[in-house]
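Undergrad: here is a sequence together with a model predicted from it:
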Amino acid sequence: MGLVWTEQLSVGNAVIDSDHEKLIGLVNDVRYAIRSRDGFILTKEFVRLEDWLCIHFANEERIARAVDFDFSEHRQEQQYALRELQHLRDELIAKDGLWSDGAVAHFTGFLEHWLIDDHIIGLNMLMKPTLQAHDYAFQPG
Ligand SMILES: [Fe+2]
């Protein structure tokens, strides 16, 4: 089943929430590609996810700076996440579609845990009290 963005995942800012909804869709696409074991689609979906992640990380940093939130921990985690995703992508592409059902569960579970538990809940929620002091639609001018 695909991951879904819900109100509970809101970090109190429309731009970031909408990015997260988009990222959840892209992670669903990568998870689908892992299940389908199609190397071409997998590469394509990983590139889309990584490209969007870079845009999202830049949006987060721009907003954090505008609301005066200390972003240093976020920046470190972002760089770590990008490296981890690149490792995962390289590992999967090297296997050329030859992975077990157990590996499918492992890799798709890893992606879900990383985006939902680590990135949104574990990291971005730290910004919520600061973001909530501003309008939900706030974005830097
Ligand atoms: Fe985020």
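TA: Received the coordinates, thanks. Numbering: from 1, shown residues only.

Undergrad: look at Ile93 and say how many residues are nearby.
TA: Ile93: 13 surrounding residues under other CB atoms under 10 Å. Backbone N, C-alpha and C define where each C-beta goes, glycine included.

Undergrad: what's the answer for Ser10, then?
TA: That count, for Ser10 with other CB under 10 Å as the rule, works out to 19.

Undergrad: try Cys54
TA: With other CB under 10 Å as criterion, Cys54 counts 12.

Undergrad: and the residue nearest to it when sequence neighbours are not counted, what does it touch?
TA: Leaving aside its chain neighbours, Cys54 sits nearest to Leu82 (7.6 Å; criterion: CB to CB, 6 or more residues apart in numbering). By CB atoms under 8 Å, 6 or more residues apart in numbering, the contact set of Leu82 is Glu50, Leu53, Cys54, Phe57.

Undergrad: surely the first one touches Leu85?
TA: Yes: the criterion here is CB atoms under 8 Å, and Glu50 meets it with Leu85 at 6.1 Å.

Undergrad: looking at the two, which is more packed in?
TA: Comparing Glu50 with Leu85 by neighbour count (other CB under 10 Å), the higher total belongs to Leu85, at 19 against 15.

Undergrad: any idea which helix or strand carries that one?
TA: Using DSSP states H and E, Leu85 sits in helix 72-95.

Undergrad: now intersect the contacts of Leu82 with the strands, please.
TA: Among the contacts of Leu82, no member is found in strands (DSSP state E).

Undergrad: among the residues you listed, which are in helices?
TA: Glu50, Leu53, Cys54, Phe57 (DSSP state H).
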